[in-house]
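*Asks:* Pasting the sequence and the predicted model now:
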Amino acid sequence: MKIYRVNMTEGKVTTEDVKEDYAALGGRGLTSQIIADEVKPNCNPIGAKNKLVIAPGLLSGTNAPSSGRLSVGTKSPLTGGIKESNAGGTAAQKLAKLGVKAIVVEGKPKDGKFYTMMVNKNGVKLEDSSADLLGKGNYEVMEKMQKELGEDVSVMSIGQAGEYKLQSASIAVSDPEGRPTRHCGRGGTGAVMGSKGLKTIVIDDTDAPGVSIVDKDAFKKSARALAKALLDHPVCGEGLPEYGTSILINILNESGGLPTQNFRRGRFEGADEISGETIAEVINERGGNTTHACHPGCVMRCSQIYNDKDGNYLTGGFEYETIWGFGANSEVDDIDAIAKMDRICDDVGVDTIEMATTIGVAMEAGVIEFGDAEGAIDLLKEIGKGTPIGRIIGNGTGFTAKAFGVTRVPVVKNQGIPAYDPRAVKGVGVTYATSTMGADHTAGYAVTSNILDIGGTVDPLDKEGQIDLSRDLQIATAAVDSTGLCVFAAFAILDNDEALPAVVDMLNAQYGLELEVGDVTELGKSILKVERDFNTRAGFDNTDDRLPDFFVEEECSPYDVKFDITDKELDEVYDF
Ligand code: SF4
């Protein structure tokens, strides 16, 4: 495998062998290590000294089930700390098949132009795309690229938000239909890509050598064992394929952890209208698809295709967090309006979670009223136009709060808090506070044991056991994010004793290693240490590992709970 280094200042591409230290790393493990090794922690995130690292997971490009996840690493413009943003879509598998361990993008063009990066079996080259693509949204860009270069290419692109270098800008990754429904959403990776003068990356794996596997029979056997564990699991094999992630709306509403009206309470009166069950009915009536894979080979297929009232495609990859944010948190119970907001975010290229908390803050400020779906749609449209209000919104929750003098700001390390109220789901509250990524549910998804009874049960309303739960999950997730497996595979890994050994056996069979299950935990710990060290050097300390005061001071109904985990207890997360 090789690492491509693309210097945008010189317009030069070099090919490097993989250093011995990097050989056993992939995905998040590799992106975070390269960023820690090569980026000055105090650099300007959208300046020439920051870098953008793109890496498929260790198992990506193989037949391992649900293993096509892509990691993008950088210093985040939103948090100022290290960032790994993870997406599905078709890019990771194609990169791995081309033998690409990572692409490191550095510098910034002297001519201020935007480029397309072409990646194929012959290597990497840059083409000026300013005239053709500048100012266009992701839907148009991807359609154009595929028309010109073939339907089978994978496209990564930024919308207008990335061109404007807004802090919530995402990088879109094409799904199997060539649509921009999968995103490296969190932390403003799209702004870094924009600052590098990259509008698109096109990956063509025609005649790619493919991934070499040392022991093919052993690999096949373990891949089958993992697929069985996933399909046998009630959430991975039934809940996710049938309803997608929005099945969680009713579950969280019942648990009193569905943040409503900018995190004022934990239950939304209109939850039924936006629930996974309702959405599945609407999708089926209109000829959409409730069971869609974001990349070939995913057996959980949680992604969805949502059509409008006339049966025409409207959006895809319509996730629980998006529906919660533009729904309950904004007090909107119109699912078609929420789907339109998702579509706009995918097109202009912004993180839907960050936009959801931003719209909540804009409503708090009185820019529009809570419940005003059309007002929210109009605000999101302003981002693509680059108007002053659009740029304020596109810079995220913390920025918008400052612009309008709002003090009820649901962020940690300046990143918007996702769809689980930390007072009613305390384990995930610990993750929000302490993750190296800023508020990020996927970094240690304690909803598992707090709400879903996966991997045991820890009372979500009680502080007991939450620190250990979050710590263990954050360590495990850092390792899973390095394999290229979808984080949802962790549900089966937590419940089925055969799943994790199957993952380790696949890694051994592919790379000829002799890893043991305990090595996975060690990998996760070392990744977190590398990331935390970067953040420390960037100026963060333990006082940044805290939730906003209102979670500690105000009760969340209906269970009237506060976030009562102390600062001292939060500091114990990194005792390992
Ligand atoms: S489970 Fe869903 S998000 Fe995960 S890889 Fe499959 S389709 Fe993508």
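*Replies:* Now that the structure is in, tell me what you want to look at. Residues are numbered from 1 along each chain as shown.
*Asks:* Contacts for the strand or helix carrying A223 next, please.
*Replies:* Element membership for A223 (DSSP states H and E) is helix 216-232. Contact with helix 216-232 is made by 62-66, 213, 236-237, 299-300, 489, 492-493, 496, 498-499, 502-503, 505-506, 508-510, as judged by C-beta atoms under 8 Å, 6 or more residues apart in numbering. (C-beta placed from N, C-alpha, C; glycine too.)
*Asks:* next one: stretch 292-302
*Replies:* Taking C-beta under 8 Å, 6+ apart as the rule, stretch 292-302 contacts 63-68, 88-90, 92-93, 175-176, 181-182, 227, 230-231, 236-237, 240-241, 244-245, 291, 303-305, 316-317, 486, 488-489.
*Asks:* what's the span of it from first residue to last?
*Replies:* With C-alpha to C-alpha, to the nearest Å as the measure, stretch 292-302 spans 6 Å from end to end.
*Asks:* Quick one: mean pLDDT over it.
*Replies:* Averaged over stretch 292-302, pLDDT sits at 93.
*Asks:* Okay, buried residues for it please.
*Replies:* For stretch 292-302, a neighbour-count test (16 or more other C-beta atoms under 10 Å) marks H292, A293, C294, H295, G297, C298, V299, M300, R301, C302 as buried.
*Asks:* Now, those residues that are in helices?
*Replies:* Counting by DSSP state H, no part of those is found in helices.
*Asks:* Contacts only, for G366.
*Replies:* Contact analysis of G366 by C-beta under 8 Å, 6+ apart lists nothing.
*Asks:* so it, which of the three states?
*Replies:* Following DSSP: H, G, I helix; E, B strand; the rest coil, G366 is assigned to coil.
*Asks:* interface residues of the stretch 51-200 of the chain facing the ligand?
*Replies:* Proximity of the stretch 51-200 of the chain to the ligand (C-beta under 6 Å from any ligand atom) is limited to residues S66, G88.
*Asks:* quick one: the strands in the stretch 51-200 of the chain?
*Replies:* Secondary structure of the stretch 51-200 of the chain (DSSP state E, counting those that start in this stretch): strands at 52-56, 70-75, 82-87, 100-106, 115-120, 123-128, 154-157, 171-173, 182-184, 198-203.
*Asks:* okay if I get the ones you listed as a markdown table plus mean pLDDT and distance to T352?
*Replies:* Below are the strands of the stretch 51-200 of the chain laid out as a markdown table (pLDDT from 0 to 100; distance: least, C-beta to C-beta, whole Å):
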| stretch | mean pLDDT | distance to T352 |
| --- | --- | --- |
| strand 52-56 | 98 | 21 |
| strand 70-75 | 98 | 17 |
| strand 82-87 | 97 | 12 |
| strand 100-106 | 98 | 24 |
| strand 115-120 | 98 | 25 |
| strand 123-128 | 96 | 30 |
| strand 154-157 | 98 | 17 |
| strand 171-173 | 98 | 12 |
| strand 182-184 | 97 | 8 |
| strand 198-203 | 98 | 21 |
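*Asks:* which of those is buried the deepest?
*Replies:* Of all the strands of the stretch 51-200 of the chain, strand 171-173 has the most neighbours on average by mean count of other C-beta atoms under 10 Å, namely a mean of 32.
*Asks:* quick one: the helices in the stretch 301-450 of the chain?
*Replies:* Here the stretch 301-450 of the chain has its helices, by DSSP state H, counting those that start in this stretch, at 320-326, 335-348, 352-364, 373-385, 388-394, 397-404, 426-434, 447.
*Asks:* about what we covered before: please list which of the buried residues of stretch 292-302 are also close to the ligand.
*Replies:* Intersecting these with the surroundings of the ligand, defined as C-beta under 6 Å from any ligand atom, gives A293, C294, C298, M300, R301, C302.
*Asks:* Can you report how many residues neighbour the residue nearest to G190 when sequence neighbours are not counted?
*Replies:* Once flanking residues are discounted, G190 sits nearest to A169: 3.1 Å by C-beta to C-beta, 6 or more residues apart in numbering. Using other C-beta atoms under 10 Å, A169 has 36 neighbouring residues.
*Asks:* same check, this time on T206
*Replies:* Neighbours of T206 using other C-beta under 10 Å come to 11.
*Asks:* Show me what from the chain comes close to the ligand.
*Replies:* For the chain, the residues in contact with the ligand (C-beta under 6 Å from any ligand atom) are S66, G88, L240, A293, C294, C298, M300, R301, C302, S303, C486, F488.
*Asks:* And those residues, which two are furthest apart?
*Replies:* Greatest spacing in those, by C-beta to C-beta: G88 and L240 (12.8 Å).
*Asks:* and the helix holding A223, how far from the chain's centre?
*Replies:* 26 Å (C-alpha atoms, centre = their mean, to the nearest Å).
*Asks:* same thing with stretch 347-367?
*Replies:* That offset, for stretch 347-367, works out to 17 Å (C-alpha atoms, centre = their mean).
*Asks:* list the buried ones in it?
*Replies:* 347-365, 367.
*Asks:* where in the stretch 351-500 of the chain is pLDDT low?
*Replies:* Within the stretch 351-500 of the chain, no range satisfies pLDDT under 70.
*Asks:* And the residue of it closest to the ligand?
*Replies:* Going by C-beta to the nearest ligand atom, the ligand is nearest to C486 of the stretch 351-500 of the chain, at 3.2 Å.
*Asks:* which residue sits closest to that residue, ignoring its sequence neighbours?
*Replies:* Spatial nearest neighbour of C486, chain neighbours left out: S66 (4.4 Å); criterion: C-beta to C-beta, 6+ apart.
*Asks:* ok, that neighbour touching L485?
*Replies:* Yes: between S66 and L485 a contact is recorded at 5.9 Å, counting by C-beta atoms under 8 Å.
*Asks:* Regarding E16, what is its secondary structure?
*Replies:* strand.
*Asks:* Contact partners for it?
*Replies:* So E16 contacts K2, I3, Y4, R5 (C-beta under 8 Å, 6+ apart).
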